[in-house]
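# after the sequence you'll find the predicted model.
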Amino acid sequence: MATYDTLNAQQYEAVTTTEGALLIIAGAGSGKTRVLTHRTAYLIEEKGINPYNIMAITFTNKAASEMRERIDNMVGFGAESIWVTTFHSTCVRILRRFADHIGFDTSFTIYDADDQKQVMKEVCKRLEIDTKIYKEKMFLNVISSAKDNLTDPTEFALNATGDYARQRQAQVYREYQAVLKKNNAMDFDDLIMKTVELFKSDVEVLDYYQERFKYIMVDEYQDTNTAQFELIRLLAGKYGNLCVVGDDDQSIYKFRGANIRNILNFEQYFPQAKVIKLEQNYRSTQNILDAANSVIAHNVGRKQKVLWTDQAAGEKIHFKQFDTAYDEAEYVAADIEKQVRAGGSYSDSAVLYRTNAQSRMFEERFIAENIPYKLVGGVNFYARKEIKDILAYLKTIDNAKDDLAVKRIINIPKRGIGATTINKVQTYADGNEMSFYDAAKIADEIPTVGRSAAKIAPFVTFIQTMRSKANFLSVPELIQNIIQDTGYVRELEAENTPEADARVENIDELISKAVTYEESTEVPTLSGFLEEVALVADIDEVVEGSEYVVLMTLHSAKGLEFPNVYLAGLEDGLFPSYMTITSDNADEEMEEERRLCYVGITRAMKRLTITSAKMRMVRGETMYSKVSRFVSEIPVDLLSGTVATGKSIPRPSQTEKTSPYVNAAKQILREKPIVKVPVKAFSTNATDQMTLSYREGDRVHHIKFGEGTVTQIIAGGRDYEVTVDFDRFGTKKMFASFAKLKKV
DNA sequence: CCTACTACGCTTTTT
DNA sequence: GCGTAGTAGG
């Protein structure tokens, strides 16, 4: 039984308004997740709605799993049948079932930014486009925003008449889609657009989902783009029970297609819509809120609202200007240490900045001071070369229609298969309407390939073997097999450099993610794992309450809160960015930057420090800047501290390079907290750290194979190799740390 | 076909 | 100032 009397009047109204269209304008820290979870419970408990008919959509996996957890705790029975997912995974789920209705194979793969660029390169070559003049990235941006607006290549071409550049883009768009289709792949934007296409072309499928999702809730509604809006509009088209929660002041993804009109004009799309504002803030002190309110008040195009709190004024906002970015980082590091010494925890603090490049200085300082930190963003874990290589193997094993994946690893490790051979196979594949892999399989029949066919054969054999093994091996075991047989890790270890060691660690990390996947999924499959991996963002990995300082961009910080926040690099030219200041559309873009600033300020619960530097290196050039205009939008009486000058501690001379020690440490520490973290559940090194709960002759249970008897245990270098005779699957050899066998 | 060097692109933000 | 991709030479 959920209690609803802890809600304030507006929250209560939002929770109990269940029918029709509802727009909840939820200011920062006003308890919107609470409202959504209570509303879900209310629907089920008080209105008798079947959990099966409820859907809650968010943008990140993190937000989704948080909500999932809170709903599970509140609702209990039946909670698992509520769809609590992201836009992207919702669409994948639908497309996995019905993609064949729009001419795709339901086993399509999902392309990330890297893959997209690869495809675009190919397209540009084919259309003889000089990529020195027209960048691949430019085309990808154009295509992405076309898809955000549901413009297909045909419509795009129609709108391009009379404009040569746009006609060319239309050509590229068409060709790009053709390649994706041929590879049976979709990019991120396709996932949304194709689902909308499916709904529009197939009334039965649409009706099926409309009947299923009678009550729909959308979180972070201000970030929806036109395609996403269309998706939910279609889904809610029959019953009209659509509840959206958002804050126009926190709309910071316009550059990525988010359409702020979706929230500002909600009442026009749904004339009977009810609007509820949540303005009481439960997160921050009065001073922090006052600062946030006065900054955002400088924006014109917004829904009027003023956050208030019954909390005390609290500390003033600390402001410091430094001579250099180095001094800034040094101050922040020292201040964090001070807070910790005073009884705080590292996890209370977060450093927020405008651009990822700013993280470097803080990382170096934190390493020097031995401050545990977690870096969010930058190069995504799954975008790392070694991870992509392993994943490409898995993709090839899972679905060899993905030419990109096959070509990526056909010569990794070196098999003596060069560009010439690959091109010959590709030409043959193109000419015979088959996939690259299928052509490779019959390489010896391709006349042009000649003697090189002998080099391709072992690769094909390996993949075929792995395919048959994939039927009974778990994902971690498959990965283990791949790195064994290809010698991938062995090669890295032989390099014996900190960089290579870091790569090995990343691979270990991937294995442990696969183990987690196996354990947390009811029916684990290779496709399932690849899919999950394709849809994760870095922010999903942040575990709240962990013992480290978080470093991230302001964009990544949305939705999070920390007792002690540092907003770094508040300089005109950096934040707001130079691009914004000099834009043709400066007024509008400045408002988005200001909203970003508002998001940053409102992350802070108790203590907020704003810093800036007079001088900093950007791309190797020294940049001098004034304090950000946003700082002057905060009333002076809310600020304490001043411009720090002169007395800074000696810093490394300009010529001195970063010490190799720091670089090595960074490699190892990236993505990982430094100290004091609980021992990882999974460890790949030294068997002496492991004790097995079973011995030879014992009966054990395996997540996939069920019960069996242990016939042999061999201690290997890194792990125990356990042989089990399974009742239903026969004898299998497996590594103890992956298999997670339980004694029965 | 592989290795070593050079060039360039990045830096506003990412599901 | 860094990392990757492309190219030229072996």
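Sure thing, it's come through.
# which SSE is A:Gln712 in?
Taking DSSP states H and E as the definition, one finds A:Gln712 inside strand A:706-715.
# err, A:Glu122, not the other one
Going by DSSP H and E, A:Glu122 is part of helix A:113-126.
# could you do A:Ala439 as well?
A:Ala439 is part of helix A:436-441, with elements assigned from DSSP H and E.
# what does that helix rub up against?
With contacts defined as Cβ atoms under 8 Å, 6 or more residues apart in numbering, helix A:436-441 is touched by A:396, A:400-401, A:403, A:406-407, A:410, A:425-426, A:428-429, A:432, A:446, A:456, A:459-460, A:463. Where C-beta positions appear, they are placed from N, C-alpha and C, glycine not excepted.
# from those residues, keep the buried residues only.
Buried by 16 or more other Cβ atoms under 10 Å: A:396, A:400-401, A:403, A:406-407, A:410, A:425-426, A:428-429, A:446, A:456, A:459-460, A:463, out of the contacts of helix A:436-441.
# return the closest of those with respect to A:Glu69.
In terms of Cβ to Cβ, no member of the buried ones among the contacts of helix A:436-441 lies closer to A:Glu69 than A:Thr396, at 35.3 Å.
# just checking, the closest one is part of a helix?
Yes: A:Thr396 forms part of a helix when assessed by DSSP: H, G, I helix; E, B strand; the rest coil.
# in the lengthiest helix in chain A, what counts as buried?
The residue-count maximum for a helix in chain A (DSSP state H) belongs to helix A:498-520. For helix A:498-520, burial by neighbour count (16+ other Cβ under 10 Å) applies to A:498, A:500-515, A:517-518.
# repeat for stretch A:569-584
Buried residues in stretch A:569-584, counted by 16+ other Cβ under 10 Å: A:Gly569, A:Leu570, A:Glu571, A:Asp572, A:Gly573, A:Leu574, A:Phe575, A:Pro576, A:Ser577, A:Thr580.
# wouldn't the first one be in contact with A:Ser612 here?
Yes: with contact defined as Cβ atoms under 8 Å, A:Gly569 reaches A:Ser612; the gap is 6.5 Å.
# roughly how far out does the strand holding A:Gln712 sit from the chain middle?
Using Cα atoms, centre = their mean, to the nearest Å, the mean C-alpha position of strand A:706-715 is found 38 Å from that of the whole chain.
# starting from that strand, tell me which strands it pairs with and how they run.
strand A:699-702 (antiparallel), strand A:720-726 (antiparallel) (DSSP bridges).
# now the last one, how far from the centre of its chain.
Its chain's C-alpha centre and that of strand A:720-726 lie 37 Å apart, by Cα atoms, centre = their mean.
# for the first one, same thing?
Using Cα atoms, centre = their mean, we find the averaged C-alpha position of strand A:699-702 to lie 36 Å away from the chain's own average C-alpha position.
# and the next element down the chain from the helix or strand harbouring A:Tyr326?
Assigning secondary structure by DSSP H and E places A:Tyr326 in helix A:325-341. The helix or strand immediately downstream of helix A:325-341 is strand A:349-353, counting by DSSP H and E.
# run a quick neighbour tally on A:Phe255.
Per other Cβ atoms under 10 Å, the neighbour tally for A:Phe255 reads 12.
# residue contacts, it?
Shown in contact with A:Phe255 (Cβ under 8 Å, 6+ apart): A:Glu592.
# backbone dihedrals for it, please?
phi -60, psi -20 (degrees, to the nearest 10).
# where does it sit relative to A:Tyr176, distance-wise?
Per Cβ to Cβ, to the nearest Å, A:Phe255 is found 21 Å from A:Tyr176.
# circling back to that earlier point, go through the strand holding A:Gln712 and flag the buried ones.
For strand A:706-715, burial by neighbour count (16+ other Cβ under 10 Å) applies to A:Gly708, A:Val710, A:Ile713.
# list the contacts of stretch A:595-606.
Counting by Cβ under 8 Å, 6+ apart, A:28-29, A:249-252, A:281, A:283-285, A:288-289, A:291-292, A:295-296, A:299, A:307, A:314-315, A:350, A:352, A:354, A:554-555, A:557-558, A:560-565, A:567, A:575, A:608, A:628, A:630 sit against stretch A:595-606.
# helix or strand: which one has A:Gln304?
A:Gln304 belongs to no helix or strand when assigned by DSSP H and E.
# who touches stretch A:105-124?
With Cβ under 8 Å, 6+ apart as the contact definition, stretch A:105-124 has outside contacts at A:92, A:95-100, A:129, A:131, A:134, A:136-137, A:139-140, A:172, A:175-176, A:179-180, A:183-188, A:191, A:382-383, A:388, A:395, A:399, A:401-402, A:404-405, A:527, A:530-531, A:534-535.
# and it with DNA strand B, contact?
Yes: Stretch A:105-124 is in contact with DNA strand B by Cβ under 7 Å from any atom of the strand, via A:Ala113.
# which neighbours do A:Gly569 and A:Ser612 have in common?
In contact with both A:Gly569 and A:Ser612: A:Glu328, using Cβ under 8 Å, 6+ apart.
# follow-up on the earlier one: filter the buried ones among the contacts of helix A:436-441 down to just the ones in helices.
Cross-referencing these against helices under DSSP H gives A:Thr396, A:Asp403, A:Val406, A:Lys407, A:Val425, A:Gln426, A:Tyr428, A:Ala429, A:Ile456, A:Phe459, A:Val460, A:Ile463.
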